[in-house]
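Student: Fold the following, please.
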Amino acid sequence: MKLAIISVTSQGAELGQCLSNKLSDEYQCTGYEKTDRQSTGQARYSETLQEFLQENWHGYDGFAFIMDFGIWVRSIPGFLHTKSVD
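Tutor: Alright, predicted model coming up:
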């Protein structure tokens with residue numbers, strides 16, 4: 001299962017790296033952090049979260065958002081259809 005771990009702060013990126021390490025036996029994890037944040041060696045994204053999701057939504061089986069609830073909840077409605085599909 002492919003999992004994208006997305007963060008918007010350097011502390012979130014560090015937490016994402018820890019999560020990725022813990023899950024690496026069961027999941028193929030890719031961490032993403034904002035381009036202008038201090039790097040933890042994760043992949044970087046420069047677009048908005050919604051643009052990132054639009055480009056990557058079908059490339060992953062799941063997403064872990066390490067950020068304020070309001071940020072990601074406003075970014076995903078256009079990608080969800082029904083609970084039987086999503």
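
Student: by contact count, what packs against the host helix or strand of Gly12?
Tutor: Using DSSP states H and E, Gly12 sits in helix 10-23. The contact analysis (3 or more CB pairs under 8 Å, 6 or more residues apart in numbering; DSSP states H and E) places helix 10-23 against strand 2-7, strand 28-34, strand 62-66. No exception for glycine: its C-beta is placed from N, CA and C like everyone else's.

Student: contacting residues for the closest residue to Asp61 other than its chain neighbours?
Tutor: Nearest residue to Asp61 in three dimensions, chain neighbours excluded: Met1, at 4.5 Å (CB to CB, 6 or more residues apart in numbering). Met1 makes contact with 26-28, 61-62 under the criterion CB atoms under 8 Å, 6 or more residues apart in numbering.

Student: Now for the residues you listed, which sits with the most neighbours around it?
Tutor: Neighbour counts for the contacts of Met1 peak at Tyr27, which has 17 neighbours (criterion: other CB atoms under 10 Å).

Student: could you measure Ser24 against Leu3, distance?
Tutor: 10 Å (CB to CB, to the nearest Å).

Student: Poorly predicted segments of this structure, please.
Tutor: For the chain, applying pLDDT under 70 flags the ranges 37-42, 77-86.

Student: hmm, back to that, tabulate the helices and strands packed on helix 10-23 in TSV, adding columns for distance to Leu53.
Tutor: Shown next, in TSV, are the helices and strands packed on helix 10-23 (distance: least, CB to CB, whole Å):
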stretch	distance to Leu53
strand 2-7	9
strand 28-34	11
strand 62-66	8
